[in-house]
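Chemist: no sequence on this one, just coordinates:
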């Protein structure tokens, strides 16, 4: 048994049909517990007041926005190298989800920034690179939608994803040039001392797990829909021929 | 390859080739800015390097869809793909021809338009240097975008959307060189980074453009 067995759409459908309800259920559970815990059972921050609670949406969505692109990059590489259709479809399925995650991160950041920084938007390196990431998602999705032939579309978007990844990283460091960071540095880390009190940290971890599972569930649903749409298309063609 | 560049140049210069389009657009952008922000010289001086870079970038964007679209429509691109030069070479030649007809004239015209925007005397040299270094990157990135969208009938808007985020690093470093030059600061850091972006784009993107062309010609 190797991982590549699931490149077969039929096997993928079989496995994902079993996995999907579990992932979706766990995601709802984690999000429900994490958000309710975070919103109602944590104390207010002594300087930020209740606005600190937006962290439970902002941080997980920002993490998923970046990770979704990385997942698309890996899926695009697998498609270009091994030509597994499920991989290309998964990359396609992840793009709009990642785009929405980027939007959530930008919107919650703006809502938090208004009372805290006194402005909805600043041309801070982190904010700017997220805006650029959003543009990359937009271009990627638009290219998928614009091309009719599915294999051509998969190939071209995969190439765009590779080139875009290089330029996204480049832009991330290029905007550092302006040197006016309003956004705080990373508060969470795996190896260093935590900057966040456990009271906030525990519900945050639950929320992050919830977002990861939610992303997985949405990508699975969208990939399955896409495979079904392809099958329907093939059946229609066959009916017309016969 | 040289013949291909010469052919593209001849096509661009002849009637209907759109050679002057980019320059005219550049002129329009720069001339309209003082009407929009007001004629105070201090304000114009402050924004001049950025506006000149932005105008050059937009003018470059305007002519991108011509790089491959016409050759794709009349079948020349199929012949080029079968020709004994690699498709990567075709992409380089096309990007070079685009730069010679767009980037180079824009670079040469920028100092003249700088006078309109009251660019400080020290800024002209660095403006030309930054544009001369940066516009090849714009052309080759644009050639990649054009190769991606060549099979689409109305790819113009999509092309702009795809290329826009790819232009960001070049614009940041290029405009930074021009700004620092105008204000008399040291330009070495952004200048080297701009040169790095251009060198990297020139080295790698022809391969990506050729891959996209191959997919589109299948």
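Modeler: Noted; the coordinates are in hand. Every value quoted in this text rests on a predicted model; they were computed, and no experiment measured them.

Chemist: So for the helix or strand residue A:77 falls within, what gets flagged as buried?
Modeler: Per DSSP states H and E, residue A:77 falls inside helix A:55-82. For helix A:55-82, burial by neighbour count (16 or more other CB atoms under 10 Å in any protein chain shown) applies to A:55-69, A:71-73, A:75-80. C-beta: built from backbone N, CA, C; applies to glycine.

Chemist: From the contact counts, what lies against that helix?
Modeler: helix A:9-40, helix A:85-117, helix A:125-146, helix A:150-174, helix A:198-241 (3 or more CB pairs under 8 Å, 6 or more residues apart in numbering or on different chains; DSSP states H and E).

Chemist: let's see it at 6 Å
Modeler: helix A:85-117, helix A:150-174, helix A:198-241 (3 or more CB pairs under 6 Å, 6 or more residues apart in numbering or on different chains; DSSP states H and E).

Chemist: Let me know which of those helices is the nearest to chain B.
Modeler: Minimum separation from chain B across the helices and strands packed on helix A:55-82 (CB to the nearest CB) falls at helix A:150-174, 4.2 Å.

Chemist: which other helices and strands contact the closest one?
Modeler: helix A:55-82, helix A:125-146, helix B:156-183, helix B:188-217.

Chemist: let's see it at 8 Å
Modeler: helix A:55-82, helix A:85-117, helix A:125-146, helix B:123-149, helix B:156-183, helix B:188-217.

Chemist: avg pLDDT for it?
Modeler: Average pLDDT, helix A:150-174: 90.

Chemist: Could you count how many residues lie near residue A:126?
Modeler: 19 (other CB atoms under 10 Å in any protein chain shown).

Chemist: tell me the pLDDT at the residue of chain B positioned farthest from its centre?
Modeler: Distance from the C-alpha centroid of chain B peaks at residue B:40, with 29.6 Å (CA atoms, centre = their mean). For residue B:40, the pLDDT comes out at 86.

Chemist: Spell out which residues of chain B are next to chain A.
Modeler: B:144, B:148-149, B:151-152, B:155, B:158, B:161-162, B:164-166, B:168-169, B:172-173, B:176, B:190, B:193, B:197, B:204-205, B:208, B:211-212, B:215-216, B:218 (CB under 8 Å from any CB of the partner chain).

Chemist: Swap in 7 Å and give it another go.
Modeler: Residues of chain B lying close to chain A (CB under 7 Å from any CB of the partner chain) are B:144, B:148, B:152, B:158, B:161-162, B:164-166, B:168-169, B:172-173, B:176, B:190, B:208, B:211-212, B:215-216, B:218.

Chemist: Need the buried ones from those selected in ChimeraX.
Modeler: In ChimeraX, this line selects whichever of the residues of chain B next to chain A come out buried by 16+ other CB under 10 Å:
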select /B:144,148,152,158,161,162,164,165,166,168,169,172,173,176,190,208,211,212,215,216
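
Chemist: Could you check how far residue A:216 is from residue A:27?
Modeler: 7 Å (CB to CB, to the nearest Å).

Chemist: tell me the mean pLDDT over stretch B:50-66?
Modeler: Stretch B:50-66 comes out at a mean pLDDT of 89.

Chemist: now swap in stretch A:26-33 and tell me
Modeler: Here the average pLDDT along stretch A:26-33 is 93.

Chemist: go on, stretch B:208-218?
Modeler: The model assigns stretch B:208-218 a mean pLDDT of 91.

Chemist: Also stretch B:189-202?
Modeler: Stretch B:189-202 comes out at a mean pLDDT of 92.

Chemist: Run through who's touching it.
Modeler: Identification of contacts with stretch B:189-202 by CB atoms under 7 Å, 6 or more residues apart in numbering or on different chains yields A:177, B:130, B:133-134, B:136-137, B:140-141, B:169-170, B:173-174, B:176-177, B:180.

Chemist: Ok, stretch A:42-52 next?
Modeler: Residues contacting stretch A:42-52 (CB under 7 Å, 6+ apart): A:112, A:115-116, A:199-200, A:203.

Chemist: ok, back up a step: export the helices and strands packed on helix A:55-82 as CSV, with columns for mean neighbour count.
Modeler: Formatted as CSV, the helices and strands packed on helix A:55-82 follow (neighbours: other CB atoms under 10 Å in any protein chain shown):
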stretch, mean neighbour count
helix A:85-117, 20
helix A:150-174, 21
helix A:198-241, 16
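
Chemist: where does chain B dip in pLDDT?
Modeler: The model of chain B has pLDDT under 70 over residues B:15-18.

Chemist: Show me what from chain A comes close to chain B.
Modeler: A:132, A:135-136, A:138-139, A:142-143, A:146-147, A:152, A:155-156, A:159-160, A:163, A:167, A:170-171, A:174-175, A:177.

Chemist: repeat that for 8 Å
Modeler: So far as CB under 8 Å from any CB goes, chain A lies against chain B at A:132, A:135-136, A:138-139, A:142-143, A:146-147, A:152, A:155-156, A:159-160, A:162-164, A:166-168, A:170-171, A:174-175, A:177.

Chemist: quick one: residue A:240 and residue A:68, what's the gap?
Modeler: 37 Å.

Chemist: Ignoring the adjacent residues along the chain, who's closest to residue B:170?
Modeler: residue B:137 (4.8 Å; CB to CB, 6 or more residues apart in numbering or on different chains).

Chemist: residues touching that neighbour, list them.
Modeler: B:170, B:194, B:197-198, B:201-202 (CB atoms under 8 Å, 6 or more residues apart in numbering or on different chains).

Chemist: can we see that at 7 Å?
Modeler: Per CB under 7 Å, 6+ apart, neighbours of residue B:137: B:170, B:197-198, B:201.

Chemist: Which of these sits closest to residue B:27?
Modeler: Residue B:27 lies nearest to residue B:170 out of these, by CB to CB, at 21.7 Å.

Chemist: I'd guessed that closest one sits against residue B:133; true?
Modeler: No. Under the criterion of CB atoms under 7 Å, residue B:170 is not in contact with residue B:133, lying 9.4 Å apart.

Chemist: neighbour count winner among the two?
Modeler: residue B:170 (27 against 21).

Chemist: tell me the contacts of the more buried one?
Modeler: Contacts of residue B:170 (CB under 7 Å, 6+ apart): B:134, B:137-138, B:197.

Chemist: Then residue B:67?
Modeler: B:94, B:98, B:142-143, B:146.
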